[in-house]
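**Student:** Quick one: sequence and predicted model below, then my questions.
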Protein chains: 2
Amino acid sequence: MSDKKFVEEITSMDVDFAKWYTDICVKAELIEYTSVKGCMVLRPYGCAIWENIRDILDRRFKELGHENVCMPLFIPESLLQKEKDHVKGFAPEVAWVTHGGGEELTERLCVRPTSETLFCEHYANIIHSYRDLPKLYNQWVSVVRWEKTTRPFLRTREFWWQEGHTIHATAEEAIEETERMLEVYAEFCEKTLSIPVIKGRKTESDKFAGAEATYAIEALMHDGKSLQAGTSHYFGDLFARAFEITYSNKENQKVYPFQTSWGISTRLMGGIIMAHGDNQGLVLPPDIAPVQAVIIPVAQHKSGVLEKCGEIVAGLRDYRVKLDDSDNSVGWKFAEYEMKGVPVRIEIGPRDILSESCVLVTRHDGKKETVPLTLLSDILGKKLNDVREGLFEKAKSNREKHTYDCASLDEISKRLEEHGDGFVRAMWCGGEACEEKMKELTGLSSRCIPFEGGKISDNCVICGRQAEHLVYWGKAY
Amino acid sequence: MSDKKFVEEITSMDVDFAKWYTDICVKAELIEYTSVKGCMVLRPYGCAIWENIRDILDRRFKELGHENVCMPLFIPESLLQKEKDHVKGFAPEVAWVTHGGGEELTERLCVRPTSETLFCEHYANIIHSYRDLPKLYNQWVSVVRWEKTTRPFLRTREFWWQEGHTIHATAEEAIEETERMLEVYAEFCEKTLSIPVIKGRKTESDKFAGAEATYAIEALMHDGKSLQAGTSHYFGDLFARAFEITYSNKENQKVYPFQTSWGISTRLMGGIIMAHGDNQGLVLPPDIAPVQAVIIPVAQHKSGVLEKCGEIVAGLRDYRVKLDDSDNSVGWKFAEYEMKGVPVRIEIGPRDILSESCVLVTRHDGKKETVPLTLLSDILGKKLNDVREGLFEKAKSNREKHTYDCASLDEISKRLEEHGDGFVRAMWCGGEACEEKMKELTGLSSRCIPFEGGKISDNCVICGRQAEHLVYWGKAY
């Protein structure tokens, strides 16, 4: 055994949360760094998680009538510049291709940071009549944003995502779509990833470049910081006007259509780590776990043990099950699959075989249960459901513990100091100056104006004027 | 109806084959052009075909133990330069990123034209011991090659593909992998896409840049030109040496591992068009057709027709079936789905309903058959199989008609003149000069040295010396 890799210890999250996070990224074999700063390799285990996320969401998008397309990687500079707010937001952080095939290009091309402009060019080509609407398109690709400071999943120069881009005859339809897709994301986060989220609207200062309104879901991480887990934008007819996309309505008049876009990205994988992970490593929600249960034979050299394990795997075809019959020690295997966040461990040895049972251990709470082999398949299904719910409850109670209703700036400082970072719910007048002042005084930025509403006090906690909105404030990734 | 688009005529392939081809690309709504030369949009219909190809092959790769990863988009110039033949082959046609985040980069980055160098860098990081081997990796991405002349699918500056990259302890294992994956491609082309292929080895002059050996499958198109439909490369330890990838073997010595790579791309979609298409449009093999059967109601305004169609769709859940109940005319619908290459059309009207039957029409041969509704699901399954076999036989007999065994240059010229372009099977001495002379005199290049071997004559058709190999020669896309 001496020449084998042993599971290395990861930094405790209480000692250094940032280090704990990157330790998990690397040691659970989700990613590896490359020689291009901020660009990572998604390794097989990380890639399999992302593929599971993709497959589940893709199915849902298609059920709702969306179709996939593949848009080009490059945007000519002149195309990027057509919508003035959009270019202002993105131009500073793009990567430019200036040479191709040994020659300088006559117009430089940016590597897409997002594809609104490409979809608009395409829509202008293919949309003529009201019969051509709506178009409900989506693509799964990587995009590039030249960030200064980078961290795996959370902020990388290249990241993978899906971007939905839809175009509709009426504003109502487009707004409905914007809201529907935010709801799809929220449901996915809560039901599939077991991450509770706040749904809300971004303030003006935090909107997507070129959008009339940006909706977002915000999740609270272990360290009390907030992660924007998905966004959905309503564009009105701003892009249509900039790109001269028109259609003939039933009265044969040329009018502008209305657009949306919405996306989730590999950021979500950072969210999974920081919402569920612990000091033993990753903890994965079952639906996206590449391995839902690992079978670890005890005393596997004894006759009958591996044969029995093989039978058990064969009986669990409804799940993604792995049998680890390698010659690593049982202790090594335990630590390895804890690190990788496999939801359920199944232990089986000679004594279990005699009693026709096995031991199930759930990763998120360490609970053990002896289970008759005849009932294993059913019980595993129930366990995975318990994990799904248990993770959600754990994350939700953590969020509740770290959500502070505050009626004054003093109260905010006090609560943060006493209980650590978290969501601050406090009233706001709607003024940008107050947002800036909040940031300056407390380090908090507005995360969203929650759809659910609510009222903590009458006045803006910053300026004292009449409050317009309840806002979730926080420190953001 | 007057304001509706009608199916537009496409150029006949006998009049202008190139125009016929691009007409199908656009009018079957596979692609749309963009303002970046050589970069296309894969529209929903084209994208759905590509997704079907991906899903079928991805499943096969995974059955064989391969795992997916996501590598970065960018390759630093110094990394690209590490393997001298590789950089010589690719550097002239790459696109360079020189600026990012508003600043000039200290080292320019190329947009990956292929990812051998990135995989090598990664392998050097993660491979230490014989226990880490083999790694069987694959990724589905787009790559960029700055081609001068471009055509949809066949030669585009950005194209989508999968690239498998594997690394093994021994040369034997790696060679086995190279051959196995070519076999996977050949089987996929013949069984799934119904395109017959020749399996063989590329000559030295036509090898992949940096490979010890390149294997390929070659298919013959309607116009007698040859399409390279997939390639599989054996690298020996050339890349391992260039990138200093070593591992400790069981004797604890540091040694070099052996590598392969293999890929198929959206080129295959050009192959499908040119192997099966006709003057009515696209003809799709059933397994990758987004719609396998379209139901077209006749006299759909009559009571009971649409209801019956709805019932029929519900009974055909094993297939991808679309009911077109739009208010377009029946004639328009026929032409539309012929253009889109839907394998089977199901017609049903009041008289069919009375007799509890419907009419099936197969796209590739236009044959009609009246079928009892009770047997429809079974018969449709059989029909789709007939289409699969029928397409293959049609393409194979076309290839046989245009494959010429020739023992002299005179014979080659004569056969090509009399019977049109095709595969020329002729003997070769193995000298590069003769390859060049063949190109000069006949316009033909070597497509491959077939695995099957064979002998047409004793001497090289070009120089008359002792022949080493039978070669398939042709005009290539």
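**Tutor:** Perfect, I can see it now.

**Student:** When you work out contacts or count neighbours from here on, use the C-alpha atoms and nothing else.
**Tutor:** Noted.

**Student:** now the helices for chain A?
**Tutor:** Along chain A, the stretches classed as helices by DSSP state H are A:17-27, A:44-63, A:77-80, A:84-90, A:116-126, A:171-187, A:238-242, A:267-276, A:305-314, A:330-339, A:350-354, A:376-401, A:409-419, A:432-442.

**Student:** Which one, of the ones you listed, ends up nearest to B:Trp146?
**Tutor:** helix A:77-80 (18.0 Å; C-alpha to C-alpha).

**Student:** Could I get the contacting residues of the most centrally placed residue in chain A?
**Tutor:** Residue closest to the mean C-alpha point of chain A, counted by C-alpha atoms, centre = their mean, is A:Leu268 at 1.9 Å. Shown in contact with A:Leu268 (C-alpha atoms under 8 Å, 6 or more residues apart in numbering or on different chains): A:Phe153, A:Ala229.

**Student:** Please apply the same query to A:Met427.
**Tutor:** Under the criterion of C-alpha under 8 Å, 6+ apart, the neighbours of A:Met427 are A:407, A:455-461, A:467-471.

**Student:** possible to save the residues you listed as CSV with neighbour count, pLDDT and distance to A:Asp85?
**Tutor:** What follows is those, written out as CSV (neighbours: other C-alpha atoms under 10 Å in any protein chain shown; pLDDT from 0 to 100; distance: C-alpha to C-alpha, whole Å):
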residue, neighbour count, pLDDT, distance to A:Asp85
A:Ala407, 20, 97, 35
A:Lys455, 16, 94, 33
A:Ile456, 18, 95, 34
A:Ser457, 17, 95, 35
A:Asp458, 17, 96, 34
A:Asn459, 20, 97, 32
A:Cys460, 24, 98, 29
A:Val461, 24, 97, 30
A:Ala467, 21, 97, 28
A:Glu468, 15, 96, 26
A:His469, 21, 97, 25
A:Leu470, 24, 98, 27
A:Val471, 28, 98, 25
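
**Student:** Determine which two of the residues you listed are furthest apart.
**Tutor:** Going by C-alpha to C-alpha, the pair spanning the contacts of A:Met427 furthest: A:Ala407 and A:Glu468, at 13.9 Å.

**Student:** Return the set of buried residues in the lowest-mean-pLDDT helix or strand in chain A.
**Tutor:** Lowest by mean pLDDT, DSSP states H and E among the helices and strands of chain A is helix A:84-90, with a mean of 89. For helix A:84-90, the neighbour count (16 or more other C-alpha atoms under 10 Å in any protein chain shown) marks A:His86, A:Val87, A:Phe90 as buried.

**Student:** Make CSV out of these and add distance to A:Thr214.
**Tutor:** Formatted as CSV, these follow (distance: C-alpha to C-alpha, whole Å):
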residue, distance to A:Thr214
A:His86, 13
A:Val87, 17
A:Phe90, 16
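
**Student:** out of those, which one sits closest to A:Gly431?
**Tutor:** Set against A:Gly431, the nearest of the buried residues of helix A:84-90 by C-alpha to C-alpha is A:His86 (22.6 Å).

**Student:** Contact partners for that closest one?
**Tutor:** A:Leu80, A:Ala209, A:Gly210.

**Student:** Of those residues, which is the nearest to chain B?
**Tutor:** A:Leu80 (11.9 Å; C-alpha to the nearest C-alpha).

**Student:** show me the contacts for the closest one.
**Tutor:** A:His86, A:Val87, A:Ala91, A:Thr117.

**Student:** how close does the last one sit to A:His86?
**Tutor:** Separation of A:Thr117 from A:His86 (C-alpha to C-alpha, to the nearest Å): 9 Å.

**Student:** Just give me the neighbour total for the residue in the stretch 101-250 of chain A that chain B sits nearest to.
**Tutor:** With C-alpha to the nearest C-alpha, the shortest gap between the stretch 101-250 of chain A and chain B falls at A:Gly101, namely 4.2 Å. By other C-alpha atoms under 10 Å in any protein chain shown, 17 other residues sit near A:Gly101.

**Student:** give me every residue that touches the residue nearest to it when sequence neighbours are not counted.
**Tutor:** Leaving aside its sequence neighbours, A:Gly101 sits nearest to B:Glu93 (C-alpha to C-alpha, 6 or more residues apart in numbering or on different chains; 4.2 Å). Contact analysis of B:Glu93 by C-alpha under 8 Å, 6+ apart lists A:Gly100, A:Gly101, A:Gly102, B:Arg145, B:Trp146, B:Glu147.

**Student:** Just the buried residues of these.
**Tutor:** Counted by 16+ other C-alpha under 10 Å, those give A:Gly100, A:Gly101, B:Arg145, B:Trp146, B:Glu147 as buried.

**Student:** Inside strands: which ones of those?
**Tutor:** Secondary structure of the buried ones among the contacts of B:Glu93 is defined by DSSP state E; positions in strands are A:Gly100.

**Student:** okay if I get the buried ones among the contacts of B:Glu93 as a markdown table plus distance to B:Cys25?
**Tutor:** As requested, those are arranged in a markdown table below (distance: C-alpha to C-alpha, whole Å):
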| residue | distance to B:Cys25 |
| --- | --- |
| A:Gly100 | 26 |
| A:Gly101 | 26 |
| B:Arg145 | 21 |
| B:Trp146 | 21 |
| B:Glu147 | 19 |
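
**Student:** Kindly provide the distance from the closest residue in space to A:Ile10 that isn't next to it in sequence to chain B.
**Tutor:** Excluding its sequence neighbours, the residue lying closest to A:Ile10 (C-alpha to C-alpha, 6+ apart) is A:Asp23, at 5.8 Å. Remark: distance between A:Asp23 and chain B (C-alpha to the nearest C-alpha, to the nearest Å) = 16 Å.

**Student:** Next, count neighbours for A:Asp23.
**Tutor:** Counted with other C-alpha under 10 Å, A:Asp23 comes out at 18.

**Student:** Ok, A:His301 next?
**Tutor:** Around A:His301 there are 11 other residues, counting by other C-alpha under 10 Å.

**Student:** Could you check how far it is from chain B?
**Tutor:** 20 Å.

**Student:** In contact with that residue, which residues are there?
**Tutor:** No contacts exist for A:His301 under C-alpha under 8 Å, 6+ apart.

**Student:** got the phi/psi numbers for it?
**Tutor:** phi -80, psi -20 (degrees, to the nearest 10).

**Student:** confidence score at it?
**Tutor:** Looking at A:His301, its pLDDT reads 91.

**Student:** what do you get for A:Glu8?
**Tutor:** 66.

**Student:** can you count the residues close to the residue nearest to A:Gly349 when sequence neighbours are not counted?
**Tutor:** Nearest residue to A:Gly349, sequence neighbours excluded (C-alpha to C-alpha, 6+ apart): A:Val298, at 4.4 Å. A:Val298: 18 surrounding residues under other C-alpha under 10 Å.

**Student:** give me every residue that touches A:Glu204.
**Tutor:** A:Ala213.

**Student:** Which strand residues bridge A:Lys368?
**Tutor:** Partner residues in beta bridges with A:Lys368, using DSSP bridges, are A:Val361.

**Student:** In this structure it contacts A:Leu360, no?
**Tutor:** Yes - using C-alpha atoms under 8 Å, A:Lys368 makes contact with A:Leu360 at a distance of 5.6 Å.

**Student:** Between the two, point out the one with more neighbours.
**Tutor:** A:Leu360 (24 against 15).

**Student:** if I look at A:Pro76, how far off is A:Val87?
**Tutor:** Taken as C-alpha to C-alpha, the span from A:Pro76 to A:Val87 is 12 Å.

**Student:** What's the local residue count around the nearest residue to A:Tyr33 once chain neighbours are set aside?
**Tutor:** Leaving aside its chain neighbours, A:Tyr33 sits nearest to A:Met40 (5.0 Å; criterion: C-alpha to C-alpha, 6+ apart). Using other C-alpha under 10 Å, A:Met40 has 24 other residues around it.

**Student:** can you check A:Glu440 too?
**Tutor:** A:Glu440, neighbours per other C-alpha under 10 Å, totals 11.
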